[in-house]
Each structure stands twice: as structure tokens, then as C-alpha cells.
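>>> model the structure of this input:
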Amino acid sequence: MKLLAKFSLIFTIVFGLGLSGAGYVFYQMLQQNAREQVLYQAHLMMDSALATRIYTTDKIKPLLSAHKDGVFHPETVPAFAATEIFDVLRKNYPSYSYKEATLNPTNPRDKAVDWEEDVIRIFRGRAAGDKSPFEGERMTPTGKSVYLASPLRAAKSCLECHSTPDAAPPEMIKLYGPNNGFGWKQDEVIGAQIVSVPVSLAEEMANRAFRQLMISLAVVGVVTLVVLNLVLVVTVVRPVRRFAIAADQISTGQMEVPELPVKGKDEISMLAAAFNRMHRSLAAAMRMLDEK
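Prediction:
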């Protein structure tokens with residue numbers, strides 16, 4: 001195998017191993033960034049829901065209650081307002097969801113399903129003051145989704161409507177019936193706010209960025225190999241080829257071979273100077289033998 005081919009093979013193997021290692025690190029990094037982006041979106045949606053609940057409690061409920069018409073308005077319920085707003089959002093983003101999953105809800109649409117009940121049980125097993133969110137992943141019909149959940153505890157104000165049917169507004173009983181959403185106890189975990197954000201889009205963006213990065217690195221490697229080969233041809237391969245041709249001619253007795261050019265002070269130049277000295281010494285020795 002020629003010197004240039006050996007160098008190309010060694011460079012390809014070393015660069016390939018380095019590219020594989022870097023690719024593994026980059027892939028893990030991009031996937032982690034994708035997950036962090038999804039979680040950031042989930043936290044943003046959760047904060048938006050909390051803001052909606054606070055606005056409803058502080059602004060909407062006092063405004064409607066001031067009319068004292070005796071009519072129950074679902075819009076004054078923070079959970080109802082937050083859910084309705086996110087239902088509008090889902091028209092453009094159907095894979096995103098927000099639910100105030102409750103074990104014993106007033107509105108049947110808030111009834112917790114199996115996996116949501118598991119999340120609520122986790123919150124019920126925590127200390128009373130623990131409000132830290134819970135993160136997880138689950139598969140949905142549209143692909144993998146990341147969910148963020150926060151506990152819902154029954155505040156004192158909640159018991160005005162959810163303690164017993166007798167204490168609830170008649171319009172609420174008329175709208176939802178007397179069998180659901182009652183028997184809550186103060187500070188008890190009654191449910192969980194759950195935001196679900198799809199992972200597929202973020203992962204596809206990460207995979208596309210990974211492919212583009214690896215293709216770019218591969219192109220850089222090919223260009224680097226070509227440039228290095230050209231430099232190697234000019235600085236190493238051609239001088240070595242001249243050494244080989246001159247040595248072959250001298251070995252057949254052609255002592256009138258011209259000396260090799262010596263340019264610079266690098267190793268190739270030092271080798272050329274040493275070869276020339278050897279050539280002159282050999283030629284002198286041959287002349288001495290011929291004279292004898």
C-alpha cells in the first residue's frame with residue numbers, strides 16, 4: 001500500500017472514531033435540550049393556567065358576584081376558566097392539553113382517568129406543605145408526551161360549594177347534580193393540574209439538527225483529508241519518491257545521478273542533505289576502487 005493510501009486510511013479510521021464519539025455526545029445533548037425545551041413549554045402552560053385561576057378569583061368572581069342575581073356562573077370557578085381557555089388553545093395545538101384532573105369533580109369532564117389517579121395518589125402521599133411539581137412521560141395516540149403535574153388542595157373557599165349539596169348554590173346543583181363534587185375536606189389533595197406537551201416535534205427538530213451537524217462534520221472531514229493529502233504529496237510524497245528513484249539508480253551503478261535539492265531545515269531537507277553526502281561518499285569510494 002502506498003504512503004498516501006496508508007495516511008488516508010489512518011486519517012479515515014481516526015476521524016471516524018472521533019466522529020462517532022462526538023456524534024454520541026451531540027445526540028445525547030440535543031435530546032436533552034429537546035426535553036428541556038418541552039418541559040419549559042409545560043411550565044409556561046402551567047404558569048398561564050395559574051395566572052388564569054388567579055385572575056378569575058381576583059377579578060371575574062367579585063365582578064359577577066356583585067350583581068347578586070343568585071345565578072351560579074361557572075365562569076367564576078377558576079378551574080372552569082383555566083380549562084375553557086386551554087380548550088380554545090387546543091384548536092390550534094391539538095396535541096397540547098391541560099386538565100384539572102379530580103377524583104370527585106363537580107364537572108364530569110374533570111374526572112381523573114387511571115394514570116391521572118396514580119399522579120394524584122403520589123401527591124396524596126406527600127407532606128401537607130409539599131407543592132413541588134411532578135414530571136413524567138407517557139405514550140399518547142399522537143406519540144410520546146411529557147406531562148407536568150401540580151397538586152390541587154381544597155382551600156377554605158372551596159368548601160363554600162363542595163362541602164355538602166345543601167351549602168352549594170342551587171344553580172350549581174341544577175347544572176351538575178347533587179352527587180358529584182362534594183365531601184371535600186380542607187387542605188386535602190383533591191386532584192392535580194396536569195399539562196401535557198408532545199415530545200415528537202422537539203425530538204424531530206433535535207434529530208434534524210443532529211443530521212445536519214453530522215453531515216457538516218463529515219464534509220469538513222473530507223475537505224480536511226483532501227487538503228492534507230495535497231500537502232502530504234507536496235511536502236512528503238514527492239521528495240520521498242525522488243529519494244527512491246535516486247537510490248534505485250545509484251544501486252544499479254548510475255553514479256552520475258544529480259544531487260537532490262535541499263530547501264529549508266526541516267526533516268525532509270536534512271534527509272536530502274544526508275542522502276547527497278552518502279551519494280558523494282559512495283561515488284568517491286567507487287572512483288578509488290576503479291583507480292586501484
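>>> drop to CA atoms for contacts and neighbour counts, all remaining ones
OK.
>>> from V88, how far off is V119?
25 Å (Cα to Cα, to the nearest Å).
>>> these two: which has the busier surroundings?
Applying other Cα atoms under 10 Å to V119 and V88 shows that V119 carries more neighbours, namely 22 against 11.
>>> the more buried one contacts A192, doesn't it?
Yes. If you go by Cα atoms under 8 Å, V119 and A192 touch, sitting 7.5 Å apart.
>>> any residues in contact with both of these two?
Contact with both V119 and A192 is made by residues A149, according to Cα atoms under 8 Å, 6 or more residues apart in numbering.
>>> outline the domain layout of this protein.
Domain segmentation of the chain under automatic domain parsing yields 3-13+207-291, 28-199.
>>> ranking these by mean pLDDT, which is last?
Least confident of the domains of the chain, judged by mean pLDDT, is domain 3-13+207-291 with a mean of 81.
>>> quick one: that domain to chain centroid distance?
Centroid displacement of domain 3-13+207-291 relative to its chain, using Cα atoms, centre = their mean, to the nearest Å, is 47 Å.
>>> surely I54 meets V77?
No. When contacts are counted by Cα under 8 Å, I54 is not listed as touching V77 (10.4 Å).
>>> does W184 touch S163 like I think?
Yes. Counting by Cα under 8 Å, W184 sits close enough to S163 to count as a contact (5.5 Å).
>>> got any residues that touch both of these two?
Counting by Cα under 8 Å, 6+ apart, no residue touches both W184 and S163.
>>> between the two, which has more neighbouring residues?
Set W184 next to S163 and count neighbours by other Cα under 10 Å: W184 wins out with 20 against 17.
>>> what about that one, which SS state?
Three-state assignment for W184 (DSSP: H, G, I helix; E, B strand; the rest coil): coil.
>>> so what's it up against?
By Cα under 8 Å, 6+ apart, the neighbours of W184 are A154, L159, H162, S163, I190.
>>> okay if I get the residues you listed as a markdown table plus distance to R124 and secondary structure?
What follows is the contacts of W184, written out as a markdown table (distance: Cα to Cα, whole Å; DSSP: H, G, I helix; E, B strand; the rest coil):
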| residue | distance to R124 | secondary structure |
| --- | --- | --- |
| A154 | 12 | coil |
| L159 | 19 | helix |
| H162 | 19 | helix |
| S163 | 19 | coil |
| I190 | 9 | strand |
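>>> got the CA coordinates for the helix or strand hosting I173 in PDB?
Applying DSSP states H and E as the criterion places I173 in helix 170-176. Only the C-alpha atoms of helix 170-176 are listed here, as PDB (Å, rounded to 0.1, in the frame of the first residue of the first chain):
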ATOM      1  CA  PRO A 170     -78.900  25.900  43.800                       C
ATOM      2  CA  GLU A 171     -77.900  26.800  40.200                       C
ATOM      3  CA  MET A 172     -74.800  24.600  40.600                       C
ATOM      4  CA  ILE A 173     -76.900  21.700  41.800                       C
ATOM      5  CA  LYS A 174     -79.300  22.200  38.900                       C
ATOM      6  CA  LEU A 175     -76.400  22.300  36.400                       C
ATOM      7  CA  TYR A 176     -74.300  19.400  37.700                       C
END
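>>> may I see the buried residues of that helix?
Going by neighbour count (16 or more other Cα atoms under 10 Å), the buried part of helix 170-176 is M172, I173.
>>> what's it packed up against?
Contacts defined by 3 or more Cα pairs under 8 Å, 6 or more residues apart in numbering; DSSP states H and E place helix 170-176 against no helix or strand at all.
>>> quick one: contacts of it?
V71, F72, T106, N107, P165.
>>> now do the helices in this structure.
For the chain, the helices defined by DSSP state H occupy 3-55, 61-65, 78-89, 114-124, 159-162, 170-176, 200-232, 238-251, 267-291.
>>> can you put those in JSON lines and add distance to A101?
Converted to JSON lines, the helices of the chain look like this (distance: least, Cα to Cα, whole Å):
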{"stretch": "helix 3-55", "distance to A101": "14"}
{"stretch": "helix 61-65", "distance to A101": "22"}
{"stretch": "helix 78-89", "distance to A101": "10"}
{"stretch": "helix 114-124", "distance to A101": "7"}
{"stretch": "helix 159-162", "distance to A101": "16"}
{"stretch": "helix 170-176", "distance to A101": "17"}
{"stretch": "helix 200-232", "distance to A101": "24"}
{"stretch": "helix 238-251", "distance to A101": "77"}
{"stretch": "helix 267-291", "distance to A101": "77"}
